[in-house]
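Colleague: Just a sequence and a predicted model for now, questions to come.
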There are 2 protein chains.
Amino acid sequence: MKRETLKGHLDLLLLAVVGAGAAHGYHIARRLAEASGGTLDLPEGTLYPALHRLESKNLLSSSWDTVGGRRRRVYDLTPEGKDALARERLEWGSFAQAVESVLDTV
Amino acid sequence: MKRETLKGHLDLLLLAVVGAGAAHGYHIARRLAEASGGTLDLPEGTLYPALHRLESKNLLSSSWDTVGGRRRRVYDLTPEGKDALARERLEWGSFAQAVESVLDTV
DNA sequence: TCCCTACTCCTAGTCATACGAGGTATCAAC
DNA sequence: GTTGATACCTCGTATGACTAGGAGTAGGGA
């Protein structure tokens, strides 16, 4: 996939995954890869800064957890995050439809 | 629309519009706005640099035209542009489907 | 014992590119 | 003579995905 393809759509994906249930970073990445049939395989340098950004925007909240000696940061949606997810879904819908229309029409 | 939404997908749209018939910049923008029901309304600071970029990558070719005293630069697809368009269509398809899968699955 | 794989997190710097703001010029219509 | 549509351009900025590095835990195989 091209370098810029994901830009502007990553937040939607992360919010959607976390919206389906609290999860830690590594787990989010695997859920995403799985749900997309391997197409969406995020490098860590993409994943973690994005999660931090969403937390600093108050769309996600996090807490540390330790399982089997390993530390994890578990993320969950805030109420604002839920709203943002709904908005982003709508935006994606209209964008995707606009692109499809162009591809069909022209 | 968010500032970054279009990133990585603009080339596809421009190639698709020109692929349907040679056109000059202003006309491309209007075809795009029309075909997308107004969703895709490119500012000129987006449109023209993108067209120049595509030409410098040899995906578009251009020639000057004068109609009613006004100069226009008319763009057409090169053979490489046709190939790129086909590739970009496929990429869009798999990306869009991956996103939809994530939104549906999770 | 050592190593490799899987797990789990982090950050500094780079690069590509959409966009805002500003500029130029023609023509028709009011 | 001013406005609005047509038609093009470029410079600078901001954003954000990614590369490349680093850190540590745990388990299994050689």
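Modeller: All right, it came through fine.

Colleague: quick one: pLDDT of the residue nearest the centre of chain A?
Modeller: The geometric centre of chain A, computed from its C-alpha atoms, lies nearest to A:L14 (CA atoms, centre = their mean), at 1.2 Å. Note for A:L14: predicted pLDDT of 98.

Colleague: Assumed it was part of a helix.
Modeller: Yes - per DSSP: H, G, I helix; E, B strand; the rest coil, A:L14 lies within a helix segment.

Colleague: So it is in contact with A:Y48, correct?
Modeller: No - using CB atoms under 8 Å, A:L14 is not in contact with A:Y48; the gap is 10.8 Å. C-beta coordinates here come from the backbone N, C-alpha and C atoms, glycine included.

Colleague: what's the helix or strand for A:R87?
Modeller: helix A:79-105 (DSSP states H and E).

Colleague: helices or strands up against that helix?
Modeller: helix A:10-19, helix B:10-19, helix B:25-35, helix B:79-105 (3 or more CB pairs under 8 Å, 6 or more residues apart in numbering or on different chains; DSSP states H and E).

Colleague: tell me the angle of it relative to helix B:10-19?
Modeller: Angle of helix A:79-105 versus helix B:10-19, following axes from the mean of the first three to the mean of the last three CA atoms, to 10 degrees, is 20 degrees.

Colleague: Does DNA strand D have contacts with helix A:79-105?
Modeller: No - Helix A:79-105 lies apart from DNA strand D when judged by CB under 7 Å from any atom of the strand; the minimum separation is 11.6 Å.

Colleague: Can you point out the buried residues in that helix?
Modeller: For helix A:79-105, the neighbour count (16 or more other CB atoms under 10 Å in any protein chain shown) marks A:81, A:84-85, A:88, A:91-92, A:95-96, A:98-99, A:101-103 as buried.

Colleague: Can I get these in a markdown table including distance to B:L10 and pLDDT?
Modeller: Shown next, in a markdown table, are those (distance: CB to CB, whole Å; pLDDT from 0 to 100):
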| residue | distance to B:L10 | pLDDT |
| --- | --- | --- |
| A:G81 | 29 | 98 |
| A:A84 | 24 | 97 |
| A:L85 | 25 | 97 |
| A:E88 | 20 | 97 |
| A:E91 | 17 | 97 |
| A:W92 | 17 | 98 |
| A:F95 | 12 | 98 |
| A:A96 | 15 | 98 |
| A:A98 | 12 | 97 |
| A:V99 | 10 | 98 |
| A:S101 | 16 | 97 |
| A:V102 | 11 | 97 |
| A:L103 | 13 | 97 |
